[in-house]
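Novice: build the 3D model from these lines:
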Amino acid sequence: MGCGASVASTKAIQANGRAAEASRAGAGATAVRSLFKQLGVAPTRSTETSVGQIELALRYHDVKQLLLVKIIRARNLAARDAFRNTSDAYVRLALLPGSARAPSGEHRTRIVRSTAHPSFNELFSFSVPNDDLPSTRLVCSVWDYDAVTSDDLIGRLSINLSGVDWTRRDSTWYDLKHPSISSLSGSVHVTLLFSLPSTLHVTLHRVSDVKREDAWEEQRQEPNTISLKCFITGLASVEKSLAVSINEKIDVNFKFSIIDTQEKALAIRVLDSEGKAQSEGIAYISLNDLQPSVEHSGTYSLSPPDVQWMSENQQTALLQESRHAFAAHMLLRQPAWLFERKSLSDAKKLNVVVMKNANTGQTASTEVKA
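Specialist: Numbers count the residues shown, from 1 in each chain. Next comes the predicted model:
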């Protein structure tokens, strides 16, 4: 009985502590909300990704030197609960480099349970001096809460505050990156030579200025050595690999056996040191314009690892598919006569368009050739 009373007393103390903390947080949130409303917010959209997106609005208060972040909502989050095919999502915010400049080291939203489209609408603030803005990154991560095991990371993103347009008054949808992959930027300098009947010579001269675009850990160092994997699209079984140093002359030669270079590309995949997949970048070099026995040299920028190369035929097919989809969509929403094919005998047929004056309410008709 005494043990039960002790447990009840402990729970009561914890409940009172949480209530006091919530009260203090509520007072702080009210002040932040007041500042945020002065700066306005309206939504915009961007493209979707496989692990989801999150809608954020960023403001900076010059006088108080506060970074204000509104976490609005997320959508299409990848499921981390295999049984329910959904997630119990929450969001964590931190600033890099240096301390997070928040009382708890980072900010965290409440948990929104059993949905792939959670709505948060929570405001947070960080103390950031004006001079520190250009060198500061906001790191946002979305997690799935698990009461039994450790929480699962759904996706994350890193925003360089130096590139934020503080005059904007709208929110933005940001793509969440897969937790196991981050992007490498940089460039590769390559010379290609196609020799008849079926040999592609590749000379890799140099890999330059490789940097992690979205490193999450504050102390993570930029790579000094990287691994390369070269292959021809459509010939996935043929791959050349090597380890190289960055910003040093390499002049390594590869040979690929390939009969037809049309609708194909040389892909150069750059991996973090020792070939680990935490950071990747990829460059695609189209082989369509290669002339036999003529060298082709160039410097090519690395793209994020989820970028896929498409041949001209694939691009044409995708464009045609988009046009058909648009036509089908419009056909459902617009009068059929807009899409009817007219014969020569119908060339003089007239359509009557009725227009109404918004001010006077009077109507007028106009005949338009079909």
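Novice: so, low pLDDT: which residues of the stretch 1-150 of the chain?
Specialist: For the stretch 1-150 of the chain, applying pLDDT under 70 flags the ranges 1-50, 81-84, 97-105.
Novice: the helices in it, which residues?
Specialist: Ranges of helices in the stretch 1-150 of the chain, per DSSP state H, counting those that start in this stretch, are 2-39.
Novice: all strands for it, in order.
Specialist: Under the criterion DSSP state E, counting those that start in this stretch, the stretch 1-150 of the chain contains strands at 53-61, 66-75, 89-96, 107-108, 119-127, 137-144.
Novice: so which helix or strand takes in the closest residue to residue 243 other than its chain neighbours?
Specialist: Nearest residue to residue 243 in three dimensions, chain neighbours excluded: residue 227, at 5.1 Å (CB to CB, 6 or more residues apart in numbering). From N, CA and C alone the C-beta is placed, and that goes for glycine too. Element membership of residue 227, judged by DSSP states H and E, is strand 225-232.
Novice: which elements pack onto that strand?
Specialist: Contact here means 3 or more CB pairs under 8 Å, 6 or more residues apart in numbering; DSSP states H and E; on that basis strand 225-232 packs against strand 199-212, strand 235-245, strand 265-271.
Novice: that older thread, can I get the strands of the stretch 1-150 of the chain in a markdown table with distance to residue 158 and mean neighbour count?
Specialist: Rendered in a markdown table, the data for the strands of the stretch 1-150 of the chain read as follows (distance: least, CB to CB, whole Å; neighbours: other CB atoms under 10 Å):
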| stretch | distance to residue 158 | mean neighbour count |
| --- | --- | --- |
| strand 53-61 | 12 | 21 |
| strand 66-75 | 13 | 21 |
| strand 89-96 | 8 | 22 |
| strand 107-108 | 16 | 19 |
| strand 119-127 | 15 | 18 |
| strand 137-144 | 5 | 21 |
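Novice: turn those into CSV, columns for distance to residue 235.
Specialist: As requested, these are arranged in CSV below (distance: least, CB to CB, whole Å):
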stretch, distance to residue 235
strand 53-61, 34
strand 66-75, 38
strand 89-96, 41
strand 107-108, 47
strand 119-127, 46
strand 137-144, 37
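Novice: pull out the buried positions in stretch 143-160.
Specialist: Within stretch 143-160, the residues scored as buried using 16 or more other CB atoms under 10 Å are 143-144, 153-159.
Novice: quote the end-to-end distance of it.
Specialist: Taking CA to CA, to the nearest Å as the measure, stretch 143-160 stretches 21 Å from start to finish.
Novice: show me this protein divided up by domain.
Specialist: With domains defined by automatic domain parsing, the chain comprises 11-175, 182-308, 313-369.
Novice: isn't residue 86 up against residue 118?
Specialist: No. With contact taken as CB atoms under 8 Å, residue 86 and residue 118 are classed as non-touching, separated by 10.0 Å.
Novice: between those two, which one's more packed in?
Specialist: Summary of the neighbour comparison: residue 86 and residue 118, criterion other CB atoms under 10 Å, with residue 118 having more neighbours (25 against 17).
Novice: spatially nearest residue to the more buried one (excluding sequence neighbours)?
Specialist: Per CB to CB, 6+ apart, closest to residue 118 is residue 112, 3.5 Å.
Novice: ok, that neighbour - contacts?
Specialist: The neighbourhood of residue 112, defined by CB atoms under 8 Å, 6 or more residues apart in numbering, consists of 88-90, 118-120.
Novice: again, but for residue 157
Specialist: Applying CB under 8 Å, 6+ apart, we find residue 157 in contact with 54, 139-141, 174-177, 214.
Novice: helix or strand right after whichever strand or helix holds it?
Specialist: For residue 157, the element it lies in under DSSP H and E is strand 152-160. With elements assigned by DSSP H and E, the helix or strand that comes after strand 152-160 is strand 172-175.
Novice: okay, the angle between the next helix or strand after that next one and strand 225-232?
Specialist: Tracing the chain C-terminally past strand 172-175 and defining elements by DSSP H and E, one meets strand 182-195 next. Strand 182-195 and strand 225-232 meet at an angle of 50 degrees, taking axes from the mean of the first three to the mean of the last three CA atoms, to 10 degrees as the criterion.
Novice: can you dump the C-alpha atoms of strand 182-195 in CSV for me?
Specialist: Coordinates of the C-alpha atoms in strand 182-195 are reproduced here as CSV (Å, rounded to 0.1, in the frame of the first residue of the first chain):
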residue,chain,number,x,y,z
SER,A,182,22.9,12.9,-48.7
SER,A,183,24.1,14.8,-51.8
LEU,A,184,27.6,15.5,-53.0
SER,A,185,28.3,18.5,-55.2
GLY,A,186,31.4,18.9,-57.3
SER,A,187,32.5,18.2,-60.9
VAL,A,188,34.3,15.6,-63.0
HIS,A,189,36.6,16.3,-66.0
VAL,A,190,36.4,13.6,-68.6
THR,A,191,37.5,12.8,-72.2
LEU,A,192,35.6,10.4,-74.4
LEU,A,193,36.7,8.7,-77.6
PHE,A,194,34.6,6.2,-79.5
SER,A,195,36.6,3.8,-81.7
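Novice: number the residues from 825 up from this point.
Specialist: Will do, 825 is the new start, and the previous item becomes strand 1006-1019.
Novice: for that strand, buried residues please.
Specialist: By neighbour count with 16+ other CB under 10 Å, strand 1006-1019 contains the buried residues 1006-1014, 1016-1018.
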